[in-house]
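K.L.:
sequence unknown, structure follows:
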Ligand SMILES: O=C(CO)[C@@H](O)[C@H](O)COP(=O)(O)O
C-alpha cells in the first residue's frame with residue numbers, strides 16, 4: 001500500500017451557497033470527504049444522495065461519502081451506485097456489516113467502516129477484513145470545528161501495526177480536529193488519510209492549506 005498521505009477536505013455545509021464555495025476550493029485534494037448527516041444518528045442534518053450526485057458532476061476528485069446516518073444498510077449502496085469512490089458506514093449503526101461491504105464492493109466502491117471515539121477497535125477486527133477503509137473519528141461526529149481527541153490514536157497505532165504486518169488491508173483515515181497543530185500526531189501514529197474541514201475552508205487559500213497539511217503529514221510519516 002502506498003504510504004503517501006492522502007488529504008481529504010470534508011464538505012459539511014447544508015448552506016448551498018457555501019457548498020459551492022467549498023467545491024470550488026478543493027484544488028489539490030486527493031479525496032473529497034462528504035459528511036452525510038441525518039439528524040438522527042448525529043444531531044445535525046447536512047445533505048443526502050441527490051446532492052452527492054450533483055457533487056459527482058461538479059468534481060473529478062474521488063468522493064469519500066461518510067454516512068453518519070441510521071440504517072446505513074438501506075442507503076449505503078445507492079452512494080456506490082451513483083459513483084462514490086468510497087462509502088463509509090458507522091459500526092454503531094450498521095446491522096449487517098459484511099453484507100454492506102459486499103454490496104458496496106459489488107457496486108464498484110471501496111467499503112469503509114467508521115468508529116466513534118468511544119468505540120473499541122478489537123471487536124471489529126474480524127469484520128474489517130471485508131473492508132477497504134477504517135475511519136477513526138477524532139471528535140464526536142456531528143459538527144466541524146471541534147477539538148481533536150488524541151486518545152483515539154491508540155486505535156490508529158494498533159490498526160497501523162496490523163496493516164504493516166499484513167494482518168489487515170485498510171486505508172486508515174482520521175476525521176475531526178485535524179489542522180496544522182494536530183496532523184503531525186496523527187501522521188506519526190500511522191494515519192494514511194487525513195480529513196480536514198475548518199483547517200481548509202476557514203483559510204484565505206484552501207489549496208495552500210491542503211498542500212501545507214500534506215507536507216506536514218509527509219514529514220511525520222512513521223518509518
Ligand atoms: O464528520 C465530521 C464531524 O462529524 C468532520 O468531517 C468534520 O466536518 C471535520 O471538520 P473539522 O473538525 O476538520 O473542522
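P.N.:
Received, thanks. Model, not experiment: these values are computed from the prediction. Numbers count the residues shown, from 1 in each chain.
K.L.:
next SSE after the lowest-mean-pLDDT helix or strand in the chain?
P.N.:
Sorting the helices and strands of the chain by mean pLDDT, DSSP states H and E puts helix 16-24 at the bottom, at a mean of 81. Per DSSP states H and E, helix 16-24 leads on to strand 32-37 as the next helix or strand towards the C-terminus.
K.L.:
what about that following strand, near the ligand?
P.N.:
Yes - counting by C-beta under 6 Å from any ligand atom, contacts between strand 32-37 and the ligand involve 33, 35. To be clear about C-beta, it is placed using only N, CA and C from the backbone, and glycine gets the same treatment.
K.L.:
the longest helix seen in the chain vs helix 16-24, what angle?
P.N.:
In the chain, assigned by DSSP state H, the helix with the most residues is helix 206-219. Angle, helix 206-219 to helix 16-24, by axes from the mean of the first three to the mean of the last three C-alpha atoms, to 10 degrees: 50 degrees.
K.L.:
quickly find the element holding residue 105.
P.N.:
helix 97-106.
K.L.:
for that helix, packing partners?
P.N.:
helix 72-82, strand 86-90, strand 110-115 (3 or more C-beta pairs under 8 Å, 6 or more residues apart in numbering; DSSP states H and E).
K.L.:
give me that answer again for 7 Å
P.N.:
helix 72-82, strand 110-115 (3 or more C-beta pairs under 7 Å, 6 or more residues apart in numbering; DSSP states H and E).
K.L.:
and the residue in the chain that the ligand sits nearest to, how far from residue 30?
P.N.:
Residue nearest to the ligand within the chain: residue 197 (2.7 Å; C-beta to the nearest ligand atom). Per C-beta to C-beta, to the nearest Å, residue 197 is found 15 Å from residue 30.
K.L.:
likewise residue 183?
P.N.:
Counting by C-beta to C-beta - residue 183 and residue 30 are separated by 14 Å.
K.L.:
one step back: state the mean pLDDT of the longest helix of the chain.
P.N.:
Taken as a whole, helix 206-219 has an average pLDDT of 96.
K.L.:
report the buried residues of that helix.
P.N.:
206, 209-210, 212-214, 216-217 (16 or more other C-beta atoms under 10 Å).
K.L.:
again with stretch 114-132
P.N.:
For stretch 114-132, by 16+ other C-beta under 10 Å, it's 114-116, 119, 121, 124, 128, 130-132.
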